[in-house]
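K.L.:
Sequence first, predicted coordinates after that:
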Amino acid sequence: MRIGLYPGTFDPVTLGHTDIIRRACALVDRLVIGVAINRDKGPLFTLEERVAMVEAECAKLAEETGTEIVAHPFENLLIDCAHDVGAQIIVRGLRAVTDFEYEYQMVGMNRAMDASVETVFLMAEAKYQAIASKLVKEIARLDGDISKFVSPEVRVQLLERLGKG
Ligand code: ADP
């Protein structure tokens, strides 16, 4: 059984994330979405809210792809989380060159800790490539239209959280 772990903050989950999830489903039998607590990033949504949003998006994708998808909150090291969920593969999305430097370091460090876990990079479809949760939140705060970046359900929750519901 091939198990993949796709980690992130998902604050909130975007159409960029779901595009990567759909692609990752073609590579594994079970995909675990690791939702990081990430206190440092000062998330807008609580861990529980982010997990619930990821679960709602994944229910649609699991049906569409036939792959089992589960959301798994984690607070420990990524490589330990991979061990906990039995993942042989870590999936990351790559946007632009700016992502590369950080990802390059992460792979190196994770490989030093456990060389048997492979990291796989996927790119979203062109129209989703520029999407970043941070920018979606900024656009929503400034009353911009975010319907091209998140699902209708996430849009409603984000607008409500920002007091614009
Ligand atoms: P960020 O790292 O921007 O805070 P997340 O931690 O939620 O975002 O992202 C989790 C993973 O998804 C990372 O590997 C990130 O590069 C990837 N990702 C996010 N948005 C996109 C996108 N639009 N296209 C491709 N990958 C993406």
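P.N.:
Noted; the coordinates are in hand.
K.L.:
do you know how far Met106 is from the ligand?
P.N.:
Look at Met106 and the ligand: by CB to the nearest ligand atom, to the nearest Å, they are 9 Å apart. C-beta coordinates here come from the backbone N, C-alpha and C atoms, glycine included.
K.L.:
Tell me, how many residues neighbour that residue?
P.N.:
For Met106, the neighbour count with other CB atoms under 10 Å is 16.
K.L.:
how close does it get to Leu94?
P.N.:
In this view, Met106 and Leu94 are 12 Å apart by CB to CB, to the nearest Å.
K.L.:
what mean pLDDT does the longest helix along the chain have?
P.N.:
Ranked by residue count, the top helix of the chain under DSSP state H comes out as helix 47-65. Helix 47-65 shows a mean pLDDT of 96.
K.L.:
cool, stretch 89-101 as well?
P.N.:
Stretch 89-101 comes out at a mean pLDDT of 91.
K.L.:
what about it, start to end distance?
P.N.:
Using CA to CA, to the nearest Å, one end of stretch 89-101 lies 20 Å from the other.
K.L.:
where does it sit relative to the chain's centre, distance-wise?
P.N.:
How far stretch 89-101 lies from its chain's middle: 12 Å, per CA atoms, centre = their mean, to the nearest Å.
K.L.:
Please point out which parts of that stretch sit buried.
P.N.:
Buried residues in stretch 89-101, counted by 16 or more other CB atoms under 10 Å: 89-93, 95.
K.L.:
do stretch 127-134 as well
P.N.:
Buried, per 16+ other CB under 10 Å, within stretch 127-134: 128, 131-133.
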